[in-house]
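Student: Quick one, fold the following:
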Amino acid sequence: MVRLRTREAFAHGAEAVCYFRWRQAQFAKEQMHAGLLRPDSVAAEAYDEAAQVMEELAASPDVVAAQAPVAIMFDYDADAMWTVQPHGAGLSYFGLVFDWYRACRKLGLSVDILPPDAREFGEYALVLVPGMMHIPEDLKTALADADAQVILGPRTAARDTHFNIPTPLPPSWPDSDLTVSRVQSIRPDMPIDVDGGGQIMGYFEQVEGGGDVVLRTRDGAPMAVRCGPRVTYVAGWGDDLAHMRLIRALAPDLEVTEMPEGVRRRATGTEVFWFNYSTEDVEIEGVPLPSAGVLRHDV
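Tutor: Numbers count the residues shown, from 1 in each chain. Next up, the predicted model:
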């Protein structure tokens, strides 16, 4: 696992990986915290893995950065807003963003993280803006004008800068009458089934107006609704299957490959990596990938 996590960090552009700790302490509170060396300075198990990584990196080309096909916008102000008003036990902005990130990675997609002041979206095929509770008007315009498919919600544009519910009601999207008319938290043991597969968990919004409905609940309530030519509002916190279905439906030009359980793919400018975090050996494009193993191909 030391080798696996180190290799993935460098594949994602890390400039350094530092291990804590070098030697297991003989004294004080951290005596039971393992290190690369035992307390007697003899190499521990992790030492050999760190040495192996060093040799592999020395023989490997430098990682060449490349824009990912998917971007997720992350806003620390939104995280603070969700902390103040989570609306349900266990709900958080970070958790929502991470669930969308996990769905992308399960489809073999590399993901860039964008700051909230980004206004240029270049050649991204898909931009995700889940749960960003305050969106300035110029960001709304930039997203509406982007060439990428854009996924919003839930709770996107739900508050103004003073944490008031704005009027017109959210999301108040350019050239759209889509309106969030009612919100509810959902008990963990009472998820809402999505028509065709997947579930809504934790949080769901009742919406009115808007354009075409992309996805509905099994009872017929809109879950994902168009509010622009390339913008879709998702009115619920979906599970992995629901999120993956939306990604496939809304960005059909993305080259996706559903990864085996525990396997993650990372593409750079010149290489493709696969990392196996599962306890089972798998096969990738006809090549064995053992548990905790790393596979690398040139592009």
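Student: thinking residue 203 is in contact with residue 89, fair?
Tutor: No: taking contacts as CB atoms under 8 Å, residue 203 lies outside contact range of residue 89: 11.2 Å. Glycine gets a C-beta too; all of them are placed from N, C-alpha and C.
Student: ok, those two, which is more surrounded?
Tutor: Neighbour totals were compared for residue 203 and residue 89, and residue 203 leads with 22 against 9 (other CB atoms under 10 Å).
Student: For that one, list the residues it contacts.
Tutor: 87, 88, 91, 154, 155, 183, 184, 185, 186, 236, 237 (CB atoms under 8 Å, 6 or more residues apart in numbering).
Student: how about 7 Å then?
Tutor: 87, 88, 91, 154, 185, 186, 236, 237 (CB atoms under 7 Å, 6 or more residues apart in numbering).
Student: And for residue 271?
Tutor: Residue 271 touches 296, 297, 298, 299, counting by CB under 7 Å, 6+ apart.
Student: if I look at it, how far off is residue 258?
Tutor: Residue 271 is 21 Å from residue 258, where distance means CB to CB, to the nearest Å.
Student: do residue 47 as well
Tutor: 36 Å.
Student: center of the protein - which residue?
Tutor: residue 101 (1.2 Å; CA atoms, centre = their mean).
Student: Could you look up the next helix or strand downstream of the helix or strand harbouring that residue?
Tutor: Using DSSP states H and E, residue 101 sits in helix 93-106. Per DSSP H and E, helix 93-106 leads on to strand 111-114 as the next helix or strand towards the C-terminus.
Student: Let's verify residue 50: helix, strand, or coil?
Tutor: Following DSSP: H, G, I helix; E, B strand; the rest coil, we place residue 50 in the helix state.
Student: Compute the number of surrounding residues for it.
Tutor: Residue 50, neighbours per other CB under 10 Å, totals 16.
Student: Report whether the expected contact of it with residue 19 is present.
Tutor: Yes: using CB atoms under 7 Å, residue 50 is in contact with residue 19, at 6.2 Å.
Student: Find residues that contact each of those two.
Tutor: residue 36.
Student: returning to that earlier point: more neighbours: which of residue 47 and residue 258?
Tutor: residue 47 (17 against 11).
Student: which residue sits closest to that one in space, ignoring its chain neighbours?
Tutor: residue 36 (4.4 Å; CB to CB, 6 or more residues apart in numbering).
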